[in-house]
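Student: Here is my input, please return the structure:
(chains A and B)
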There are 2 protein chains.
Amino acid sequence: MKACYEYPKSREAFLRAARVIPSGVYGHLGPAEGCFVPVEAFPLFSSRAEGTYFYDLDGNRFIDYMCAYGPNILGYGDPDVEEAAARQRALGDCTTSPSTVMIDFAELLVDTVASADWAFFAKNGNDVTSMAVMLARAYTRRKKIVFFKGYYHGVSPWTQKLDYAGIIEEDVAHNIYLDWNDADALEETFRRYPGQIAAVISQPYMHGNFADNVMPAEGFWQKVRHLCSENGTVLVIDDVRAGFRLDLQGSDHYFGFEADLICFCKALANGYNVSALCGKDFLKNTASSLSYTGSYWLSAVPFAAGIACIQKMKRLNIPASLNETGKKLRDGLIETARKYGYDLHVTGALALPYLRIADDPSLRTHQAFIAECVRRGVFFTNHHNHFINAAMTDADIRETIEVADEAFRVLREREA
Amino acid sequence: MKACYEYPKSREAFLRAARVIPSGVYGHLGPAEGCFVPVEAFPLFSSRAEGTYFYDLDGNRFIDYMCAYGPNILGYGDPDVEEAAARQRALGDCTTSPSTVMIDFAELLVDTVASADWAFFAKNGNDVTSMAVMLARAYTRRKKIVFFKGYYHGVSPWTQKLDYAGIIEEDVAHNIYLDWNDADALEETFRRYPGQIAAVISQPYMHGNFADNVMPAEGFWQKVRHLCSENGTVLVIDDVRAGFRLDLQGSDHYFGFEADLICFCKALANGYNVSALCGKDFLKNTASSLSYTGSYWLSAVPFAAGIACIQKMKRLNIPASLNETGKKLRDGLIETARKYGYDLHVTGALALPYLRIADDPSLRTHQAFIAECVRRGVFFTNHHNHFINAAMTDADIRETIEVADEAFRVLREREA
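Tutor: Predicted structure coming up:
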């Protein structure tokens, strides 16, 4: 039986952090979002990362199923991406005139992504979802935006909720929230607000938190696509989280339709800091008309990294390989759970699995299971989807299943 | 006489860019903002950058007075910054748990910046100005924001204008625009909207475009500071552009007051992609309460670069040295202009000089002067402030003055 990890150095570092950083560690990566990570089992700080592993301050090694919440798709420090980045870095990164590597990257995206006639680069997923909404409003001269409940499109006020800190009524005054997979409700909304809906924005499938992830119902996307076209509304796909893990041509392509605008970030450059908005030709002039830029948006190194990342993902057919790894993980986890009498639900795409132990309304059994895994070096999280990366081997999956076996056994014994 | 540069390869690349990128090259760096750059003299793309120079696709070398619009403060590829970045990169960059280099960077900022009790990191200047406004609204539970005309605080809807593409009334409904240096107007505004003003946001001095830059009037900041404190309003300084070029302790410190929140980006890490919001203790808990994060915000390499950058800026007392270089540039340019009968105004901080030829209401003489300089390898811009970096030598300034001399002579001959 594997000894459980302890985190004395991480705990000490966290006290230092809390003195000079709000929340100590903020966002998804922090323990404040205790809903996502098992706080008491959480390593808090990493000392290094390589391939599919990261090592914490106390020397503990983790098989990383969060992949920095998505960016790590090829493995930390992928040699091909690092080499391309280093080559560009020797020439220049953030310079007064941009490098032509920006054009190469845009051309590659246009060649790769089915719905892309052009590409625009920024730094955050939020930069490009926000640009998509501004672009849709500018193009349609309308105000209303349709969301599907359970969405996450970033942190700008327009995409937050009225009861969140710092948000005012005006920020969300034109937001309409519908149930996922309810195309009839969307049709009814178009009838109710004729000529008023600028955009429908959505993830390609519902990969929300605290709930089983849900694939699109049969015909849902085709109906949404049809309604948007019919009503002159811009269909925006937020592929920040799922992008390139389902389909290198875009998750819209995976589900058999074409978005008007599609947002990428995370897996775009294996962790190098870049995001992209891709879109259809008819929106290109309006994109040009927006006042939208940032100090680092044309930095060359992330573009070079992005090119190497996409080329390698194509060469290795990464979505197929992640799908295969994800299937082994799912099958192994479900079978192991069943062995101890637990009903583990694994939902969403196989490359982004969401885990939930059924018949556990308080969520406590699930959280205890996740904590036991993390303490044994398998970095899962509570109520957020996971991410598979291409550096994961069959041995990693085997070790994961062994750890899960031990975690379920500990749980069962505790309950006995 | 120096031969004038030509840009056939850049022009060719631009045609390629325009096919797959809205505007070809967007933002400040693009020719679409022809107000800022002399389009016909503009190199459009760079092939490499080193120290204070960048080289375009056609092999032309430029002494770079734009410094990537600010980030380049120590010189492109500064060896100390690059070494620190490389060391961290070998350990990890964008990982599931952050590196403690984040804490080190926050501690260094708290030690360095006078008004900083804490630091929060993001990617864009816009991320942190937007956070400052959300934070002020959350803390005060008020809506109104006071701006000073001529401001630039980023690209989010709240900071744009109603006549900009994609902006709706609700985005700017609570914005109040006052004249720069008019403390009486601010006092009147507080009287008119008692208990309603969440924040006053301002650059440390007015470094607007298309206008001479204007320092704060005697006592202006002290009165603004007093009015904000008296009214429970959060005073936000946007030091994204001027930060670390005036004073390593913050531009508020330079002008003898303390902000409640101060925003940094650009010069923070010599081009590595990171921004920071620093603030006073009384706002820290509210900062923690915001829902605000991004995929790459805790990436470790930019933190390591930022630490090396700030340490070197301290060691070399960079603001004093930039000030000295800026003084030589100003004196040389004004004297050279006078020699040919032109009245060149150089305004703003010496490290961020704004240039304007007086008695030129059509701006054409000024734009022709800038174009003649750029075509001879001195990268100035039309109606935006410039940036001095620490790699500039006396020889660079001498070459600049020689080029300016030739440019003025060409102008005079053309007019004869």
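Student: For stretch A:385-400, buried residues please.
Tutor: A:385-392, A:396-397, A:399-400 (16 or more other C-beta atoms under 10 Å in any protein chain shown). Every residue, glycine included, has its C-beta placed from N, CA and C.
Student: Looking at those, which two lie furthest apart in space?
Tutor: Spanning the widest gap among the buried residues of stretch A:385-400 are A:385 and A:399, at 21.0 Å by C-beta to C-beta.
Student: roughly how far apart are the closest residue to chain B within the stretch 151-300 of chain A and residue A:131?
Tutor: Per C-beta to the nearest C-beta, residue A:293 is where the stretch 151-300 of chain A lies closest to chain B, at 2.6 Å. Going from residue A:293 to residue A:131 by C-beta to C-beta, to the nearest Å gives 10 Å.
Student: Strands of the stretch 301-416 of chain A, start to end?
Tutor: A:344-347, A:354-357, A:378-379 (DSSP state E, counting those that start in this stretch).
Student: cool, the stretch 151-300 of chain A as well?
Tutor: A:175-178, A:197-202, A:234-238, A:261-264, A:275-279.
Student: Pairing partners for the first one, with directions?
Tutor: Okay, so that is strand A:175-178. Sheet pairing for strand A:175-178, assigned by DSSP bridges, gives strand A:144-148 (parallel).
Student: and if you look at the second one?
Tutor: Applying DSSP bridges, strand A:197-202 is found paired with strand A:144-148 (parallel), strand A:234-238 (parallel).
Student: And the pLDDT for residue A:172?
Tutor: Predicted confidence (pLDDT) for residue A:172: 97.
Student: What residues does the closest residue to it other than its chain neighbours make contact with?
Tutor: Among residues not flanking residue A:172 along the chain, residue A:162 sits closest, at 5.5 Å (C-beta to C-beta, 6 or more residues apart in numbering or on different chains). Contacts for residue A:162 (C-beta atoms under 8 Å, 6 or more residues apart in numbering or on different chains) come out as A:168-169, A:171-172.
Student: before we move on, the earlier item: which among the strands of the stretch 301-416 of chain A is found nearest to chain B?
Tutor: Closest to chain B of those, according to C-beta to the nearest C-beta: strand A:378-379, at 6.4 Å.
Student: Mind giving me the packing neighbours of the closest one?
Tutor: strand A:61-64, helix A:394-415 (3 or more C-beta pairs under 8 Å, 6 or more residues apart in numbering or on different chains; DSSP states H and E).
Student: could I get the ones you listed as JSON lines with mean pLDDT?
Tutor: Putting the helices and strands packed on strand A:378-379 into JSON lines (pLDDT from 0 to 100) gives the following:
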{"stretch": "strand A:61-64", "mean pLDDT": "98"}
{"stretch": "helix A:394-415", "mean pLDDT": "97"}
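Student: can you list the ones you listed in CSV and add distance to residue B:230?
Tutor: CSV is the format used below for the helices and strands packed on strand A:378-379 (distance: least, C-beta to C-beta, whole Å):
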stretch, distance to residue B:230
strand A:61-64, 51
helix A:394-415, 58
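Student: deepest of the ones you listed, which one?
Tutor: Highest mean neighbour count of the helices and strands packed on strand A:378-379: strand A:61-64, a mean of 22 (counted as mean count of other C-beta atoms under 10 Å in any protein chain shown).
Student: and the next helix or strand after that strand, how far from the chain's centre?
Tutor: As assigned by DSSP states H and E, the chain's next helix or strand after strand A:61-64 is helix A:79-91. Centroid separation for helix A:79-91 versus its chain: 25 Å, with C-alpha atoms, centre = their mean, to the nearest Å.
Student: And for stretch A:244-255?
Tutor: 13 Å.
Student: Next: stretch A:99-110.
Tutor: With C-alpha atoms, centre = their mean, you get 23 Å for stretch A:99-110.
Student: low-confidence ranges in chain A?
Tutor: Scanning chain A for pLDDT under 70 picks out the ranges A:1-2, A:28-38.
Student: does chain B sit close to the helix or strand where residue A:129 lies?
Tutor: Using DSSP H and E, residue A:129 maps to helix A:125-140. Yes - applying C-beta under 8 Å from any C-beta of the partner chain, one finds helix A:125-140 touching chain B at A:125-127, A:130, A:133-138.
Student: Could I have the CA atoms of that helix written out in CSV?
Tutor: C-alpha atoms of helix A:125-140 as CSV (Å, rounded to 0.1, in the frame of the first residue of the first chain):
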residue,chain,number,x,y,z
GLY,A,125,-9.8,32.8,-23.6
ASN,A,126,-11.8,35.7,-22.1
ASP,A,127,-10.2,38.1,-24.6
VAL,A,128,-11.6,36.2,-27.5
THR,A,129,-15.1,35.3,-26.1
SER,A,130,-15.4,39.0,-25.2
MET,A,131,-14.3,40.0,-28.7
ALA,A,132,-16.9,37.5,-30.2
VAL,A,133,-19.7,39.2,-28.3
MET,A,134,-18.5,42.7,-29.3
LEU,A,135,-18.2,41.6,-32.9
ALA,A,136,-21.6,40.1,-32.9
ARG,A,137,-23.1,43.2,-31.5
ALA,A,138,-21.2,45.4,-34.0
TYR,A,139,-22.3,43.2,-36.9
THR,A,140,-25.9,42.8,-36.0
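Student: elements contacting that helix?
Tutor: strand A:118-122, strand A:197-202, strand A:234-238, strand A:261-264, strand A:275-279, helix A:284-289.
Student: Just name the most buried of the ones you listed.
Tutor: strand A:261-264 (a mean of 30).
Student: The closest residue to residue A:44 other than its chain neighbours: neighbour count?
Tutor: If the residues on either side of it in the chain are set aside, residue A:44 comes closest to residue A:10, at 4.0 Å by C-beta to C-beta, 6+ apart. As a burial measure, residue A:10 scores 24 neighbours (other C-beta atoms under 10 Å in any protein chain shown).
Student: Cool, thanks, talk later.
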